[in-house]
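# prediction below, plus the sequence it came from.
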Amino acid sequence: MSERLRVNPIACTAHGMCAELLPEFIALDPWGYPIVPDEPVPDELRWLAPKAVAACPALALSISKGKPERR
Amino acid sequence: MTLVETASHSVYQGRSRPGAPRLLAGLADQHVGGRQVGLHEHERYFGPLPLPPARRGGYAASAERSAARLIDLVERSGLTGRGGAGFPAGRKLRSVADGAGTAVVVANGSEGEPASHKDRLLLRRAPHLVLDGLSLAAFAVRASEAYLVVHRDDRRLVASLLGAVQARKVAGLDQVEISVVGIEHRYVASEQSAIVQWINGGPGLPTFAPPRTHERGVRGRPTAVNNVETLAHIALIARYGSDWFRQAGTQDAPGTALVTVTGAIARPGVYEIELGTPIGDLLARAGGPTERPQAVLVGGYFGTWLPADVAWQAPLSGPALRSVQAAMGAGILIVLPESSCGLVETARVVRYLADQGAGQCGPCVFGLPALAAALAALARRGGSGHGVDKIASLIPLVEGRGACRHPDGATQLAASALTAFGNDAWVHDIDGPCLGVRRPSLLPIPHGRGAL
């Protein structure tokens, strides 16, 4: 089962903690909002995904299992 | 196959008139301000609402099979949503009918596209086609509630719809209570999750999906939100059948559709076309361009600019337009003349869309104004040599990053402008603006917004 990270763009207020914890996977846009790829988190970074979810002060990050959620 | 045999009672005799017009067949003209077709006249023309008689306190057990049959009928007709997304109407009804809990149906008549008039025309002139469709959709998914959503500032429309609903109640027509709901006049307020949140008593703003409205919508129940034109087609499919519906249009895009034509055209207005009709044929029907055309905006403000020569040949249907990276959207064609500047028109619209956002998602809140500013800089000043690159670099930073598709629509428009007006963009970027930027705005911008 592949794990993807999803950001709720309504809840996200650009704290940037996720990009701090997972810089290899998450980039920040010019306004500080995370660009989260809609693809499984690479195996070697998987252990960091729950930490990033827990670290988000806006509770905007979640882990979804399986297929991509975007249309 | 039809739901209930009724066609023989009608003047319209759907079978004998396979082509367009269908929805507008009962109207002498296509003016939004014209006379409303009353319930009596509507029934005489199209035949009675093909539903088993109403019963107090829910649906009769025998109605179960008719409901399943109606969904089959809509699925077999190949009808797709006419609000913008073009989702198969039958599949939506089926997923709502199969969902957990008692379903809710919503007719979306809150036409958000500033250039579009088709939904208002239907609601003002032929409301009973839409209300029949809403009643049938409610029956199909065994819904306990039905809503008709329009802009609340259109008082005349709200009043006439309340009258139409009341006339049906007196006639004992609908098996479900229909409520007319007025929403705010804001572009994103007509997005389906925004409508659902508004009906639920919240702000009229889009929500984060999943859950999607067809899974959990009004009060957490499976909710079918359909465009009013889509419902009007269902009203005819239930009467005359899926084979009849497919007699118009093409194999992969059956039926007719309402299209609003505007811009540099002799007779702007709403036209009903068979899907697959070349854009050039429709524009000829609308009296042809009033000036030498440069491009056509296809689909509306979330749409695509096509160079005039490409547009004229392109058939109006979802599948055919996809091959030129365009879509039907809400059925809008705007003809841009040679003398106008496509870049400044696009900049104004993107500025308007930036103002009309919900203000919820960062990439949309910051990205759309940045994109609008970059477009305005290229259109109005130019000469920097990196204006096009700036726009091209902003597009992927905005696209697909909102809770709803509002930002994606704006980036689609901007990207297509860079393609369709590629030469013009290059000239602006090197030498500065063209003469067209001084022309008054061709694309309608409500409330005087979009000033640069």
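Cool, got the structure. Residues are numbered from 1 along each chain as shown, chains lettered A, B, ... in the order given.
# could you report the pLDDT at B:S393?
Per-residue pLDDT puts B:S393 at 97.
# meant to ask about B:H185, not that
Model confidence at B:H185 (pLDDT) stands at 85.
# so who does it touch?
B:151-153, B:446 (C-beta atoms under 8 Å, 6 or more residues apart in numbering or on different chains). In this view, the C-beta of every residue, glycine as well, is placed from N, C-alpha and C.
# selecting buried members of the residues you listed in ChimeraX, what would you type?
Buried members of those, defined by 16 or more other C-beta atoms under 10 Å in any protein chain shown, are picked up in ChimeraX with:
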select /B:151,152
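# and the contacts of B:H185, which two are furthest apart?
B:R152 and B:P446 (15.1 Å; C-beta to C-beta).
# just to revisit the earlier point, distance to B:H40 and pLDDT added to the contacts of B:H185, as TSV?
Formatted as TSV, these follow (distance: C-beta to C-beta, whole Å; pLDDT from 0 to 100):
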residue	distance to B:H40	pLDDT
B:H151	28	94
B:R152	29	93
B:D153	30	91
B:P446	36	85
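# contacting chain A as well, which ones from the contacts of B:H185?
Among the contacts of B:H185, proximity to chain A is found for none (C-beta under 8 Å from any C-beta of the partner chain).
# rebuild the contacts of B:H185 as JSON lines, extending it with secondary structure.
Listed next are those as JSON lines, based on DSSP: H, G, I helix; E, B strand; the rest coil:
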{"residue": "B:H151", "secondary structure": "strand"}
{"residue": "B:R152", "secondary structure": "coil"}
{"residue": "B:D153", "secondary structure": "coil"}
{"residue": "B:P446", "secondary structure": "helix"}
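# got CSV for the contacts of B:H185, with distance to B:L123 too?
Converted to CSV, these look like this (distance: C-beta to C-beta, whole Å):
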residue, distance to B:L123
B:H151, 10
B:R152, 14
B:D153, 14
B:P446, 18
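# top helix in chain A by residue count?
helix A:49-55 (DSSP state H).
# list the buried residues of that one.
A:49, A:52-53.
# check stretch B:146-158 too.
B:146-152, B:154, B:157-158.
# start to end distance for that stretch?
Terminal residues of stretch B:146-158 lie 16 Å apart, using C-alpha to C-alpha, to the nearest Å.
# ok, back up a step: max pairwise distance over the buried residues of stretch B:146-158: which two?
B:A146 and B:D154, at 19.8 Å, using C-beta to C-beta across the buried residues of stretch B:146-158.
# ranges for the strands of the stretch 201-350 of chain B?
Per DSSP state E, counting those that start in this stretch, the stretch 201-350 of chain B carries strands over the ranges B:223-227, B:256-263, B:269-274, B:293-298, B:304-307, B:332-337.
# export those strands to TSV and tack on distance to chain A, mean neighbour count and mean pLDDT?
Formatted as TSV, the strands of the stretch 201-350 of chain B follow (distance: least, C-beta to the nearest C-beta, whole Å; neighbours: other C-beta atoms under 10 Å in any protein chain shown; pLDDT from 0 to 100):
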stretch	distance to chain A	mean neighbour count	mean pLDDT
strand B:223-227	16	28	97
strand B:256-263	22	25	97
strand B:269-274	27	22	96
strand B:293-298	21	27	98
strand B:304-307	18	24	98
strand B:332-337	22	26	97
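# quick check: pLDDT value at the residue in the stretch 201-350 of chain B positioned nearest to chain A.
Going by C-beta to the nearest C-beta, chain A is nearest to B:F208 of the stretch 201-350 of chain B, at 4.7 Å. Looking at B:F208, its pLDDT is 91.
# what's the local residue count around it?
Close neighbours of B:F208, defined as other C-beta atoms under 10 Å in any protein chain shown, add up to 18.
# ok, it touching A:A11?
Yes: B:F208 lies in contact with A:A11 (C-beta atoms under 8 Å); the separation is 7.4 Å.
# where does the chain dip in pLDDT?
As the question left the chain open, I've gone with chain A. Residue ranges of chain A with pLDDT under 70: A:1, A:66-71.
# to clarify, I was referring to chain B.
B:1-2, B:4-18, B:53-62, B:447-452.
# what residues does the helix or strand that the longest helix of chain A is followed by touch?
Using DSSP states H and E, the helix or strand that directly follows helix A:49-55 along the chain is strand A:61-65. For strand A:61-65, contacts defined as C-beta under 8 Å, 6+ apart pick out A:1-8, A:12, A:18, A:36, A:49-50, A:52-53.
# around chain A, pick out the residues from the stretch 101-250 of chain B.
B:207-210.
# ok, those residues vs B:W305, which is closest?
For these, the nearest to B:W305 is B:A209 (28.9 Å; C-beta to C-beta).
# for the closest residue to that closest one other than its chain neighbours, phi and psi?
Distance criterion C-beta to C-beta, 6 or more residues apart in numbering or on different chains; nearest residue to B:A209, sequence neighbours excluded, is B:S193 at 6.5 Å. Main-chain dihedrals, B:S193, degrees, to the nearest 10: phi -70, psi -30.
# quick one: the helices in the stretch 351-452 of chain B, in order.
B:362-376, B:387-398, B:406-420, B:422-431 (DSSP state H, counting those that start in this stretch).
# likewise for chain A?
So, for chain A - with DSSP H - the helices run A:17-21, A:49-55.
# what does the stretch 151-300 of chain B give?
Counting by DSSP H, counting those that start in this stretch, the helices of the stretch 151-300 of chain B are B:155-170, B:192-199, B:228-240, B:242-246, B:279-285.
# contacting residues around the last one?
The one in question is helix B:279-285. With C-beta under 8 Å, 6+ apart as the test, helix B:279-285 has contacts from B:259, B:261, B:265, B:271, B:273, B:289, B:296, B:298, B:311-316, B:333, B:335.
# would you mind listing what in chain A touches chain B?
So chain A meets chain B at A:8-14, A:29-33, A:35, A:69-71 (C-beta under 8 Å from any C-beta).
# mind running it again at 7 Å?
A:8-10, A:12, A:14, A:29-31, A:33, A:69-70 (C-beta under 7 Å from any C-beta of the partner chain).
# looking at the buried residues of helix A:49-55, which one is closest to chain B?
Ranked by distance to chain B (C-beta to the nearest C-beta), the buried residues of helix A:49-55 are led by A:V53 at 15.5 Å.
# partners of the residue nearest to the closest one when sequence neighbours are not counted in the sheet?
Using C-beta to C-beta, 6+ apart and skipping residues adjacent in sequence, the residue nearest A:V53 is A:L61, 4.8 Å away. The partner list for A:L61 in beta bridges (DSSP bridges) reads A:V7.
# let me know how buried A:L61 is, in neighbour terms.
25.
# related to what we said a few turns ago, adding distance to B:A20, write the helices of chain A out as a markdown table.
A markdown table is the format used below for the helices of chain A (distance: least, C-beta to C-beta, whole Å):
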| stretch | distance to B:A20 |
| --- | --- |
| helix A:17-21 | 52 |
| helix A:49-55 | 53 |
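# so which of these comes closest to B:V365?
Across those, closest to B:V365 is helix A:17-21 (C-beta to C-beta), at 18.5 Å.
# who are the packing partners of that closest one?
Under the contact criterion of 3 or more C-beta pairs under 7 Å, 6 or more residues apart in numbering or on different chains; DSSP states H and E, helix A:17-21 touches helix A:49-55.
# could you check how far the helix it packs on is from the centre of its chain?
8 Å (C-alpha atoms, centre = their mean, to the nearest Å).
# hey, C-alpha coordinates of that helix in PDB?
In PDB, the C-alpha atoms belonging to helix A:49-55 read as follows (Å, rounded to 0.1, in the frame of the first residue of the first chain):
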ATOM      1  CA  ALA A  49       5.800  11.300   6.900                       C
ATOM      2  CA  PRO A  50       3.900  10.800  10.200                       C
ATOM      3  CA  LYS A  51       6.300  13.200  11.900                       C
ATOM      4  CA  ALA A  52       5.500  15.900   9.300                       C
ATOM      5  CA  VAL A  53       1.800  15.300   9.800                       C
ATOM      6  CA  ALA A  54       2.200  15.600  13.500                       C
ATOM      7  CA  ALA A  55       4.400  18.700  13.200                       C
END
